[in-house]
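what's the 3D shape of this:
(2 chains)
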Amino acid sequence: MAKERIKARKIRVLPGFKLTLGFTLFYLGLIVLIPLAAVFWKASTLTWPEFWHTITMATAMASYRLTFGASFLAALVNAAFGLVVAWVLVRYDFFGKKIVDALVDLPFALPTAVAGITLATLYSKNGWIGHLLEPLGIKVANTQLGIFIALTFIGLPFIVRTVQPILEDLDPELEEAASSLGANRWQVFYRVILPMLTPALLTGFALAFARALGEYGSVIFIAGNIPMKTQITPVLIMGELDMFDYGKATAIAAVMLVVSFVLLLTINVLQWWTNRYNTNNLA
Amino acid sequence: MTPAAATFHVQYSVVQRRTTSEPPFVRRTLIGVALVFLSLFLFLPLVFVFMEAFAKGIGFYFETLRDPNAWSAIKLTLLAALISVPLNCVFGVCAAWAIAKFDFRGKNILLTLIDLPFSVSPVIAGLIYVLVFGAQGWLGLYLNADNPKFPWLANWLNEHNIKIIFAVPGIVLATIFVTVPFVARELIPLMQAQGRSEEEAARVLGASGWQTFWRVTLPNIKWGLIYGVILCNARAMGEFGAVSVVSGKIRGQTNTIPLHIEALYDDYNFTGAFAVASLLAFLALITLGIKTWVEHQQAKQETSK
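Predicted structure coming up:
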């Protein structure tokens, strides 16, 4: 009873609830929700067989396989190396650590087109890295490997930035307790630290994966965009748009949007899990 | 310190190092792995942008930037950022105020909706505005040349020669869409952590709503706000996918900096492309610099409390 009364009074003390919430909803509706609804409106103007035919055509299926596969592998590689980077940044001291820490966010800050032309040139046949790989028989530019590298670049900060704060807040007593009970360092890591990092790792993985699925700018320059081979789904949508085939473009976009919504919900659940873990540790 | 205590201290620290850290060779290996990975994926590309930009000398560099098409791209990018950043800043503050200072049902849904633009592919972000405003879209249906449902609107748009898609308004709209969450995402957790008591105290002491916001809330959130704004700005100036769908890519008219980079690259003018790209890479470095500085200030504000 008393608690409820306090709550009711709190709402009255601070002004602007209706104004700010109203503006928030109006703005979101106008800029985000109504335009997004247009995708489903346009997709619904297609007949069901048309829609189904478009989203399951051979080039589309190949693009899903490539987009999902490359995004998954890139997120996986980032999970492994991101964990190492986060670990090193939190636990060890070395020369230039602060600069390294700041530069981890570079893929967030560097426009995708700049990343795209840079990676494409670096890994081209005559590029700095490409000419070293060429004699080994490894081709990166215009191959699926190139797409994987671009997606690894743009997903890099996600794991580091989700794992880092959790690692910083980890209670050292837990590790001391484990080792005083006879666990060696590897066991402490594997049995004590890693389970506590799992929610953050999964969140970072999902964020990197979701970002990679929709990525466009950093991929198009290095990929070559050959249908059935190196054409990712956003590039396929772009291709349909360039031919003014809005129906086809929208149908494939609707599939991508549904996948994004599902991933967004998953990420929110994961984040809730991470935060719960985190506050439990602090308590 | 007595000798006994000193011995204990030394022993304790030795034991602690052994139990909660790794042997030096593991440590060095991990640092090595992290640095090699980061050099390959981050430092090398960054250095490369600037090396390539000046590959044909400083004269060529400035010639590329002085080109009228480059100038028009720079102006258009600044315009898009000048409109989208303040709008999303106001939105972010409003959303954070409503979410952090009040309890209401559906808050988690609202939080998810604010995140939506982050999870939508940039290409789709452009596509949705084509579907709304394009010739085959919603607006197109109502403004159909043969049988417009709103003739006055069609006439007005025609008279004033206003185009949205493949023109500047479309570019601005797409930029706003992709940058919607940045400020809100920074402010919401910050304001939630700060709670409501300071604002409530100000109100009880007689401050008006605006006074409370300007004198109590704003000083508390200023670093988070700056952080959100610079991230928002970096994305607004660098957005490529969404803008390339709605721009129509008319050189000197509807090309932004990233689209101009693509045009130069497609012309095989690689040095030119990297020269323009170096502008955005420089912007990224400034953004990271301000971010690091803001984090430092934020930490100082925390400890001084």
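
mean confidence for the helix or strand hosting B:V183?
According to DSSP states H and E, B:V183 maps onto helix B:181-194. The predicted model gives helix B:181-194 an average pLDDT of 93.

List the buried residues for it?
Neighbour counts using 16 or more other CB atoms under 10 Å in any protein chain shown place B:181-188, B:190-191, B:194 of helix B:181-194 among the buried residues. Every residue, glycine included, has its C-beta placed from N, CA and C.

Take the residues you listed and write them to TSV, including distance to chain A.
Formatted as TSV, those follow (distance: CB to the nearest CB, whole Å):
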residue	distance to chain A
B:P181	9
B:F182	10
B:V183	12
B:A184	8
B:R185	12
B:E186	13
B:L187	12
B:I188	11
B:L190	14
B:M191	12
B:Q194	13
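
Now do stretch B:205-221: distance to the chain's middle.
27 Å (CA atoms, centre = their mean, to the nearest Å).

Show me what secondary structure element comes after the helix holding B:V183.
Helix B:181-194 is succeeded, C-terminally, by helix B:197-204 (DSSP H and E).

now that next one and helix B:181-194, what's the angle there?
For helix B:197-204 against helix B:181-194, the angle by axes from the mean of the first three to the mean of the last three CA atoms, to 10 degrees is 80 degrees.

so where's the longest helix in chain A?
Counting by DSSP state H, the longest helix found in chain A is helix A:246-282.

average model confidence for that one?
83.

Show me what it packs onto, helices and strands only.
For helix A:246-282, the elements it packs on are helix A:34-44, helix A:48-55, helix A:144-169, helix A:194-214, helix A:233-242, helix B:107-119, helix B:122-133, judged by 3 or more CB pairs under 8 Å, 6 or more residues apart in numbering or on different chains; DSSP states H and E.

between those, which gets nearest to B:K56?
Ranking these by distance to B:K56, with CB to CB as the measure, places helix A:144-169 first at 26.0 Å.

Could I get the buried residue list for that closest one?
By 16+ other CB under 10 Å, the buried positions in helix A:144-169 come out as A:144-164, A:166-167.

Where does pLDDT dip in the chain?
In the absence of a named chain, this looks at chain A. Within chain A, the stretches with pLDDT under 70 are A:1-12, A:277-283.

ah, no, chain B please
In chain B, residues with pLDDT under 70: B:1-20, B:143-149, B:305.

Tell me which residue lies nearest the centroid of chain B.
B:C232 (2.8 Å; CA atoms, centre = their mean).

Quick one: the strands in chain B, in order.
Read by DSSP state E, chain B holds no strands at all.

ok, so what distance separates A:Y64 from chain B?
13 Å (CB to the nearest CB, to the nearest Å).

Intersect the buried residues of helix A:144-169 with the contacts of chain B.
A:152-153, A:156 (CB under 8 Å from any CB of the partner chain).

can you list those residues in a markdown table and add distance to B:C89?
A markdown table is the format used below for those (distance: CB to CB, whole Å):
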| residue | distance to B:C89 |
| --- | --- |
| A:T152 | 32 |
| A:F153 | 29 |
| A:L156 | 28 |
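
ok, those residues vs B:L111, which is closest?
Using CB to CB, A:L156 comes nearest to B:L111 of those, at 25.4 Å.

Enumerate every residue touching the closest one.
If you count contacts by CB atoms under 8 Å, 6 or more residues apart in numbering or on different chains, A:L156 has them with A:78, A:81-82, A:104, A:107, A:208, B:41-42.

Would you mind measuring from it to A:M228?
29 Å (CB to CB, to the nearest Å).

Equivalent analysis for B:A299, please.
Taking CB to CB, one finds B:A299 at 52 Å from A:M228.

Likewise for B:A184?
41 Å.

What of A:T203?
34 Å.

Also A:S63?
Taking CB to CB, one finds A:S63 at 8 Å from A:M228.

more neighbours, the two?
A:S63 (23 against 11; other CB atoms under 10 Å in any protein chain shown).

Next up, the contacts around that one.
Applying CB under 8 Å, 6+ apart, the residues near A:S63 are A:231-233, A:235-236.

Residue of the stretch 1-150 of chain A nearest chain B, please.
The nearest approach of the stretch 1-150 of chain A to chain B comes at A:P111, 2.7 Å away (CB to the nearest CB).

what's the distance between that residue and A:Q164?
24 Å.

B:P23: what's its closest spatial neighbour, skipping adjacent residues?
Residue nearest to B:P23 in three dimensions, not counting chain neighbours: A:R185, with 7.7 Å by CB to CB, 6 or more residues apart in numbering or on different chains.

Same question for B:L131.
A:A38 (3.9 Å).

correct me, but the one you found touches B:V132?
Yes - between A:A38 and B:V132 there is a contact at 5.0 Å, judged by CB atoms under 8 Å.

between the two, what contacts are shared?
Taking CB under 8 Å, 6+ apart as the criterion, A:A38 and B:V132 both touch B:W138.

Looking at these two, which has the bigger crowd around it?
Per other CB under 10 Å, whichever of A:A38 and B:V132 has more neighbours is B:V132, with 23 against 20.

who's in contact with that one?
A:34-35, A:38, B:138-139.

Weed out the non-buried ones from those.
The buried subset of the contacts of B:V132 - by 16+ other CB under 10 Å - is A:35, A:38, B:138-139.

show me the contacts for the closest residue to B:D115 other than its chain neighbours.
In space, and not counting its chain neighbours, B:D115 is closest to B:P181: 5.8 Å by CB to CB, 6+ apart. Residues near B:P181 by CB under 8 Å, 6+ apart: B:114-118.

please redo it, this time with the cut-off set to 7 Å
B:114-115, B:117-118 (CB atoms under 7 Å, 6 or more residues apart in numbering or on different chains).
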